[in-house]
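In: 3D, please:
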Amino acid sequence: MFAFVDNTNDVKDLKYWNNGQNHVLLNVGVNSLSYYSNSVIVSALYDYRMFKDNFDISLNVRVPNHDKNHWKQLSPLLPLARKYLLACVSTISEEISSNVKEQLELLASSAESVGDQVFLDINCRENCTSRNNVYSESVFAVILFQTGQSPTTVFHDQILAALQCGAIPVITTLLPPLPFMELLDWRRAVYTLPLQRLPELHFILRSFAPADILEMRRQGRFLLENYLIDKKVVAETLIAALRFRIGVPGEQAIATQANPLFGNQQFTAPHLVLVKPVDEEYLGPREAPHISFPYTHNFTSFQMYSYYWWNSFGRVAGRSLEYIINEPPFPSQFEYGEGLEWGFRPIAPPASGATFSNSLGGNRPREQFT
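Out: Below is the predicted model:
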């Protein structure tokens, strides 16, 4: 049961409340919700002492409406070089050490001494209009956060703004409350370090290889577009995450026909002259299509393939796929034993061209593709 609530609602008045069991509470207000031990709370702001690890979800649901052309508003990932190496557009919370401002100024002077530009604005409150403009010209975006600090909507807005602008978020805590942390590997898109190592930040960032910077940008854009960019994507991701928790397969993935490459124009494939086969080689008659076994990974996808699907494959995590491309091959010895019952065709000496042709699948069972 999903319920959109804020701190002014009495959730106990919900029709099927039952002490909060089987309820997902999405906080759409500006204040944190009370503690409910049996309900999954989805909120961008909360008291960290009441957050239930691997149960509650740290997520900002107040994102833009769905727009299929939203990708046009995103900053390009290239070129590699930008005006600022580092930007900090934020405000220093009372929970953060008072000497952070001095450390940031020392960091900026250290960077400028070797020709790197740093942008600092530590008086930027909510709805900071300059943030996106600065992030789009920065390689890294520093997000100040203290271990033990309660997250806010501003923190999540900074994460989304950095990803939209192609700036790599640098968060000053080792365990930041990022969205869907149990499923998404944020280490590939976000760099974290303790606040106490802030004076070393310029030296650390200068050591990043250009290929690593571009890959972190790409992975950040991947996570943004597939899981966080708008309300429709966030809703689908939330449902998929809850489905993975309880082990319920998603709906069938529907295959759609691609649009013609040349629009309404007609295209005639070039006529290829077939080369006459060698007379000594006999390939035999053409076989009928052999369909592979479908939907054999509906439940192993929740654990065995979970990391790959969520961090490399995209929004397919919300569907049950008929086939997958990263199924591991069988051991080489398998095809000579019980593999014969699974459609394997091992090459036995003396091998002819026909035998090799039938065994192109290697250590995979017979299927139409091979």
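In: can you give me the strands for the stretch 251-370 of the chain?
Out: 251-252, 319-320 (DSSP state E, counting those that start in this stretch).
In: Make a markdown table from those and add distance to residue 43, mean neighbour count and mean pLDDT to it.
Out: (Each C-beta comes from the backbone N, C-alpha and C, glycine too.) A markdown table is the format used below for those (distance: least, Cβ to Cβ, whole Å; neighbours: other Cβ atoms under 10 Å; pLDDT from 0 to 100):
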| stretch | distance to residue 43 | mean neighbour count | mean pLDDT |
| --- | --- | --- | --- |
| strand 251-252 | 27 | 10 | 80 |
| strand 319-320 | 27 | 17 | 84 |
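In: Which one, of the ones you listed, ends up nearest to residue 83?
Out: strand 319-320 (41.1 Å; Cβ to Cβ).
In: which residues are contacting the closest one?
Out: Strand 319-320 has contacts (Cβ atoms under 8 Å, 6 or more residues apart in numbering) with 249-253, 295, 298, 301.
In: Buried ones among those residues?
Out: Buried by 16 or more other Cβ atoms under 10 Å: 250, 301, out of these.
In: returning to what we had before: so which of the strands of the stretch 251-370 of the chain gets nearest residue 119?
Out: When those are compared by Cβ to Cβ, strand 319-320 sits nearest residue 119, at 41.7 Å.
In: ok so, going back, dump the contacts of strand 319-320 to TSV, plus distance to residue 72.
Out: Shown next, in TSV, are the contacts of strand 319-320 (distance: Cβ to Cβ, whole Å):
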residue	distance to residue 72
249	34
250	29
251	29
252	31
253	27
295	36
298	36
301	32
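In: Looking at the contacts of strand 319-320, which one is closest to residue 262?
Out: residue 253 (27.1 Å).
In: Specify the helix with the largest residue count in this structure.
Out: Determined from DSSP state H, the single longest helix within the chain is helix 231-246.
In: any chance of the strands of the stretch 251-370 of the chain in a markdown table, plus distance to residue 215?
Out: Shown next, in a markdown table, are the strands of the stretch 251-370 of the chain (distance: least, Cβ to Cβ, whole Å):
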| stretch | distance to residue 215 |
| --- | --- |
| strand 251-252 | 32 |
| strand 319-320 | 26 |
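In: Out of the ones you listed, flag the one nearest residue 25.
Out: Closest among those, using Cβ to Cβ: strand 251-252, at 24.7 Å.
In: quick one: strands adjacent to the closest one?
Out: strand 319-320 (parallel) (DSSP bridges).
In: what's the burial count for residue 70?
Out: 15 (other Cβ atoms under 10 Å).
In: Excluding chain neighbours, give the residue nearest to residue 230 in space.
Out: residue 66 (4.6 Å; Cβ to Cβ, 6 or more residues apart in numbering).
In: Okay, and the one you found sits in which element?
Out: Element membership of residue 66, judged by DSSP states H and E, is empty: it is in no helix or strand.
In: what sits against it?
Out: So residue 66 contacts 230-233 (Cβ under 8 Å, 6+ apart).
In: let's see it at 10 Å
Out: 229-235 (Cβ atoms under 10 Å, 6 or more residues apart in numbering).
In: neighbours around the residue lying closest to residue 35 once chain neighbours are set aside, how many?
Out: Of all residues not flanking residue 35 in the chain, residue 50 sits nearest, at 4.5 Å (Cβ to Cβ, 6+ apart). Neighbour count of residue 50, defined by other Cβ under 10 Å: 15.
In: my guess is residue 50 meets residue 150, correct?
Out: Yes. Here residue 50 reaches residue 150: they are 9.2 Å apart, a contact under Cβ atoms under 10 Å.
In: got any residues that touch both of those two?
Out: With Cβ under 10 Å, 6+ apart, residue 50 and residue 150 have common neighbours residue 32.
In: Helices of the stretch 101-250 of the chain, residue ranges please.
Out: 130-135, 153-165, 201-206, 210-223, 231-246 (DSSP state H, counting those that start in this stretch).
In: and the residue nearest the centre of the chain, what does it touch?
Out: In the chain, the C-alpha nearest the mean C-alpha coordinate belongs to residue 223, at 3.2 Å (Cα atoms, centre = their mean). Contact analysis of residue 223 by Cβ under 10 Å, 6+ apart lists 159, 163, 178-180, 184-186, 188-190, 229, 237, 310-311, 314.
In: try residue 268
Out: Neighbours of residue 268 in contact, by Cβ under 10 Å, 6+ apart: none.
In: Show the pLDDT at it.
Out: Looking at residue 268, its pLDDT stands at 73.
In: and if you look at residue 125?
Out: pLDDT at residue 125 comes out at 65.
In: what's the answer for residue 350, then?
Out: pLDDT at residue 350 comes out at 54.
In: Repeat that for residue 200.
Out: 90.
In: repeat for the one 10 residues further on
Out: Confidence per residue is given as pLDDT, and for residue 210 that number is 95.
In: what angle do the longest helix of the chain and helix 210-223 make?
Out: Using axes from the mean of the first three to the mean of the last three Cα atoms, to 10 degrees, one finds that helix 231-246 and helix 210-223 are set 90 degrees apart in direction.
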